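*Asks:* just coords:
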């Protein structure tokens, strides 16, 4: 049963759009760009809210460290490897260059027992880096026993990425960007409409739900959506003592060029509260200093938090609703929204236009979560 329907009082506007996207984060923006490349007419509802994950994230591309299973892992690796061409396409379209770090990610080991375990359990394609090699590679990690290197992983400057994508959609005549928030959806077999907080209703053949942590708040969804906000507190410091993205026992450190470094992050069930807290920041600062002690003395530039859109199994919901095919889910990317965003956009565009994506999307079907309810 539907939770609600689009309010009759909403003023109907014939949008002329093939696809309407709810959400202007990385997944929504990437979907809009991919659809426009296929000549689709797109409405993008980009209602910005405090704590949105895309600009708040650290930008890690870490399918090796945060490893999924089977088809989900293959999709994550393909998503990582989509990035070089994706940022090149953005540069061609906007003239804006987004930095990409593909040096690999170091998973730090701090004691002999951990080193023995890491050496015995190396995943395919990874490499053990002993203490001497690590000191030569990253002098700021000289206190560590060693590390596991995940080649090809790394990070993207997600703040610059979102900025470039917004410039791209703003300049594309096939994309109409509206600063309105979706409040309800009424989706059927061949047609859907969305009501907004401005009192408007927009029609399209397909509605893409890409509203991040707020996806489950939309009225009229055909079923409860198991996507919840999980707060992550982070901070940045001046300078970059590391070249590699580095994971430690309780957090991670992400260099952003030569100018600053991002350290994160907590995992807190705090609803939609985007405040930073003394306790949360103390934990993140301790995690950063554990990875690179020099960070304890670096000048803090900024503290913030973001809301990850988390599902019970930490995998996204990606694909059409099994009973309401005009509704296409692209939400719940959990800890890997930056990694999966551009490839998710490619998949959304293919599905929305009746194409068959070249990936096994079975791990991301909403059916898997409905069985758990």
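*Replies:* Noted; the coordinates are in hand. Everything quoted here is computed from the prediction, not taken from an experiment.
*Asks:* Across the sheet, point out what pairs with the closest residue in space to residue 326 that isn't next to it in sequence.
*Replies:* Nearest residue to residue 326, sequence neighbours excluded (Cβ to Cβ, 6 or more residues apart in numbering): residue 192, at 4.1 Å. In this view, the C-beta of every residue, glycine as well, is placed from N, C-alpha and C. Assessed by DSSP bridges, residue 192 has beta-bridge partners residue 187, residue 204.
*Asks:* my guess is residue 192 contacts residue 202, does it?
*Replies:* No. The pair residue 192 and residue 202 does not pass the contact test of Cβ atoms under 8 Å, sitting 9.3 Å apart.
*Asks:* Need the overlap of contacts for the two.
*Replies:* Jointly contacting residue 192 and residue 202 under the rule Cβ atoms under 8 Å, 6 or more residues apart in numbering are residue 20.
*Asks:* Against residue 254, how distant is the closest residue to residue 217 other than its chain neighbours?
*Replies:* Excluding the flanking residues, the one nearest residue 217 by Cβ to Cβ, 6+ apart is residue 211, at 7.7 Å. Distance, residue 211 to residue 254, by Cβ to Cβ, to the nearest Å: 25 Å.
*Asks:* circling back to that earlier point, dump the residue contacts of the residue nearest to residue 326.
*Replies:* By Cβ under 8 Å, 6+ apart, the contact list for residue 192 reads 20, 185-186, 203-207, 324, 326-327.
*Asks:* if you set the cut-off to 10 Å instead, what comes out?
*Replies:* By Cβ atoms under 10 Å, 6 or more residues apart in numbering, residue 192 lies in contact with 6, 19-20, 185-186, 202-208, 220, 324-328.
*Asks:* quick one: low-confidence parts of this protein?
*Replies:* Scanning the chain for pLDDT under 70 picks out the ranges 1-15, 371-373.
*Asks:* Next one: the residue nearest to residue 326 from residue 211, what distance?
*Replies:* When residue 192 is compared with residue 211 (using Cβ to Cβ), they lie 15 Å apart.
*Asks:* I'd assumed residue 45 was in contact with the residue nearest to residue 217.
*Replies:* Yes. Residue 211 lies in contact with residue 45 (Cβ atoms under 10 Å); the separation is 8.5 Å.
*Asks:* what sits in contact with each of the two?
*Replies:* Common neighbours of residue 211 and residue 45 (Cβ under 10 Å, 6+ apart) are 21-24, 28, 181-182.
*Asks:* okay, those in CSV with distance to residue 110, secondary structure and neighbour count next?
*Replies:* Formatted as CSV, the shared contacts of residue 211 and residue 45 follow (distance: Cβ to Cβ, whole Å; DSSP: H, G, I helix; E, B strand; the rest coil; neighbours: other Cβ atoms under 10 Å):
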residue, distance to residue 110, secondary structure, neighbour count
21, 44, strand, 35
22, 44, strand, 27
23, 39, coil, 29
24, 40, coil, 27
28, 39, helix, 30
181, 45, coil, 19
182, 46, strand, 26
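*Asks:* I only care about the contacts of residue 192 that end up buried; give me the PyMOL line for that.
*Replies:* Filtering the contacts of residue 192 down to the buried ones (16 or more other Cβ atoms under 10 Å) takes a single PyMOL command:
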select buried, resi 6+19+20+185+186+202+203+204+205+206+207+208+220+324+326+327+328
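*Asks:* Which ones among the contacts of residue 192 lie within strands?
*Replies:* 19-20, 185-186, 202-208, 327-328 (DSSP state E).
*Asks:* mind putting those residues in JSON lines, distance to residue 130 included?
*Replies:* Listed next are those as JSON lines, based on distance: Cβ to Cβ, whole Å:
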{"residue": "19", "distance to residue 130": "52"}
{"residue": "20", "distance to residue 130": "54"}
{"residue": "185", "distance to residue 130": "55"}
{"residue": "186", "distance to residue 130": "60"}
{"residue": "202", "distance to residue 130": "59"}
{"residue": "203", "distance to residue 130": "61"}
{"residue": "204", "distance to residue 130": "56"}
{"residue": "205", "distance to residue 130": "57"}
{"residue": "206", "distance to residue 130": "53"}
{"residue": "207", "distance to residue 130": "53"}
{"residue": "208", "distance to residue 130": "47"}
{"residue": "327", "distance to residue 130": "52"}
{"residue": "328", "distance to residue 130": "48"}
